[in-house]
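*Asks:* no sequence on this one, just coordinates:
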């Protein structure tokens, strides 16, 4: 924690002590921003206290467990969730805009992850920024998308549990009931990728 | 709307039944129930325990007890017979799935017993309480093992010969790394709490006895095991339930350990509350040969009811 660095960043480095740990807190660990999923206090009655913490690496998505001696301090990660409107993709980047400021952000494929398959232009998404860099994108929980391809439904065909795969305009493939036809618009829950209803 | 509703309704009647059962256990054995103050002028210097401070508007300063140990020992030095107490105790900074900063501690002292004999009585007490209801869980079996033997058999390391560096390596071999520097005792605690105890069979009671002398607290040195102290802990599965000693009666040893504790507190920048001067006086006057143990009542209730979190058995948890 050298003084010149603080001056350079124009702010004091925020830290959290283990006794402030709670789910949702964002820490900078091993060079990556990580979010606390679970924090457990462990202490023998007459002995040293520890924090056993489950962390999600916000860059890789991987979850791992770390143990801290109680009283340790960890640097906070400058992570912020921001509502942004999805504009378009140029094939390499997905472009988003903060509606109030018109500030634009380009999100690469790694940060976009599986969210890309649900994106429709003008949707309002939650973009997580770390030091101003997009880390991840969460699409709206429910979205309405047009079916661009699916087989015609066959009356009485229950071999696949009464559903069939349908490709949506955004590229996602979801299971839809047999009566749903190509060209129709359906409502989908993006959190589990399940069909909700016809629109 | 505030979240006003108490959180442990299913455990409420069981708690009352357990408290009555504990009192019946001691009444049948002729152990006298006592009460001692929750608020005291001094606090223990143990660097592993932080006392809650209490302050009156006029400026009078006190501390909430972390256990009733000191005043109960003064009763014993004053000629009291076997005694027990069901006390509310407070520990700063202890909050989690198995910790509430305020909890119920059952503490008792038996004249003429050593820590092995008292550990057997703790096992008898748990069996007696578990038999109260067919709906309650009962432990299956009990194993007594010496601290050093357990470290050797499970980790292949001698707990008093190994230094912090070697213990850190052993922990690493078991997938445990810890951020923040630990001394030897810190690593021993980490290995017990995070590697060894989680592996205890879930229904079994484990008596872990004869702790390294650096973790003696107020246990006397082991007569037959140099470098170790006459201390035990009792686990139900991986959950620590009780901690007991063949009590230290030597005021000289007591003073030297207290000085060491104060030095550790000072070095770590921990608060230095005033010491309770009266226990020292009681030891000078003569504490009878006895063994004492403190058992977490909320945790015992957790195990009897099969609860996994302490707030399932406490109606008004702090957190």
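*Replies:* Looks like it arrived, so ask away. All figures in this text were calculated on a predicted structure; none of them were measured in a lab. Numbers count the residues shown, from 1 in each chain, chains lettered A, B, ... in the order given.

*Asks:* What parts of chain A come near chain B?
*Replies:* By CB under 8 Å from any CB of the partner chain, the residues of chain A that approach chain B are A:19, A:40-50, A:52, A:66-72, A:74. Backbone N, C-alpha and C define where each C-beta goes, glycine included.

*Asks:* Try it again at 10 Å.
*Replies:* When proximity is defined by CB under 10 Å from any CB of the partner chain, chain A lies next to chain B at A:18-19, A:22, A:29, A:38-53, A:65-74.

*Asks:* Any of those residues buried? List them.
*Replies:* The neighbour count (16 or more other CB atoms under 10 Å in any protein chain shown) marks A:18, A:29, A:39-53, A:66-72, A:74 as buried among these.

*Asks:* Can you name the residues that contact the residue lying farthest from the centre of chain A?
*Replies:* Computed with CA atoms, centre = their mean, the residue of chain A farthest from its C-alpha average is residue A:46, at 41.4 Å. Residue A:46 makes contact with B:46, B:48-49, B:189, B:211, B:215-218, B:231, B:233, B:240, B:243, B:294, according to CB atoms under 10 Å, 6 or more residues apart in numbering or on different chains.

*Asks:* near chain A, which of those residues show up?
*Replies:* Applying CB under 10 Å from any CB to the contacts of residue A:46, one finds that B:46, B:48-49, B:189, B:211, B:215-218, B:231, B:233, B:240, B:243, B:294 fall near chain A.

*Asks:* which non-adjacent residue is nearest residue B:183?
*Replies:* The shortest distance from residue B:183 to any non-neighbouring residue, by CB to CB, 6 or more residues apart in numbering or on different chains, is to residue B:164 (5.6 Å).

*Asks:* per-residue pLDDT, that neighbour?
*Replies:* Looking at residue B:164, its pLDDT is 97.

*Asks:* Would you quantify the distance from it to residue B:132?
*Replies:* 45 Å (CB to CB, to the nearest Å).

*Asks:* quick one: which of the residues of chain A next to chain B sit in helices?
*Replies:* Among those, no member is found in helices (DSSP state H).

*Asks:* Closest to the centroid, which residue in chain B?
*Replies:* Chain B, centroid-nearest residue using CA atoms, centre = their mean: residue B:243 at 3.8 Å.

*Asks:* and it, what is it in contact with?
*Replies:* Residue B:243 is in contact with A:44-47, B:67, B:107, B:208, B:211, B:217, B:219, B:231-234, B:292-296, counting by CB under 10 Å, 6+ apart.

*Asks:* Nearest spatial neighbour of the closest residue to chain A within the stretch 151-300 of chain B, chain-adjacent residues omitted?
*Replies:* In the stretch 151-300 of chain B, no residue comes nearer to chain A than residue B:180, which is 3.0 Å away by CB to the nearest CB. Nearest in space to residue B:180, with sequence neighbours left out and distances taken as CB to CB, 6+ apart, is residue A:69 at 3.0 Å.

*Asks:* Now do the contacts for the one you found.
*Replies:* So residue A:69 contacts A:18, A:48, A:49, A:50, A:51, B:178, B:179, B:180, B:181, B:182, B:186, B:190 (CB under 10 Å, 6+ apart).

*Asks:* from memory the fifth one sits against residue A:73, does it?
*Replies:* No: counting by CB atoms under 10 Å, residue A:73 is not a contact partner of residue A:51; they are 11.6 Å apart.

*Asks:* Now for the two: what residues contact both?
*Replies:* Between them, residue A:51 and residue A:73 share these contacting residues under CB under 10 Å, 6+ apart: A:17, A:18, B:179, B:180.

*Asks:* Which residue comes closest to the second one once chain neighbours are left out?
*Replies:* Read that as residue A:18. With sequence-adjacent residues excluded and distances taken as CB to CB, 6+ apart, residue A:18 is closest to residue A:51, at 4.2 Å.

*Asks:* Bridged to the one you found, which residues?
*Replies:* Bridge pairing for residue A:51 (DSSP bridges) gives the partners residue A:41, residue A:68.

*Asks:* separation between it and residue A:16?
*Replies:* 11 Å.

*Asks:* before we move on, what about residue B:315?
*Replies:* Applying CB to CB, the value for residue B:315 to residue A:16 is 31 Å.

*Asks:* again with residue B:178
*Replies:* The gap separating residue B:178 from residue A:16 is 17 Å, by CB to CB.

*Asks:* Show me where the chain has its helices.
*Replies:* By default, I'm working from chain A. In chain A, the helices defined using DSSP H lie at A:3-9, A:109-112.

*Asks:* switch to chain B, that's the one I care about
*Replies:* Along chain B, counting by DSSP H, helices occupy B:9-28, B:69-77, B:115-130, B:147-155, B:164-173, B:184-191, B:251-268, B:277-285, B:297-305.

*Asks:* Check whether stretch B:65-75 comes near chain A.
*Replies:* Yes: using CB under 10 Å from any CB, we find that stretch B:65-75 touches chain A at B:66, B:67.

*Asks:* Just the mean pLDDT for that stretch, thanks.
*Replies:* Mean pLDDT, stretch B:65-75: 97.

*Asks:* isn't residue A:62 right up against residue A:34?
*Replies:* Yes: with contact defined as CB under 10 Å, residue A:62 reaches residue A:34; the gap is 9.4 Å.

*Asks:* sorry, back to before: which one, of the helices of chain B, ends up nearest to residue A:132?
*Replies:* Comparison of the helices of chain B against residue A:132 by CB to CB identifies helix B:164-173 as nearest, at 36.6 Å.

*Asks:* Between helix B:184-191 and the closest one, find me the angle.
*Replies:* With axes from the mean of the first three to the mean of the last three CA atoms, to 10 degrees defining the directions, helix B:164-173 sits at 10 degrees from helix B:184-191.

*Asks:* Nothing else from me, thank you.
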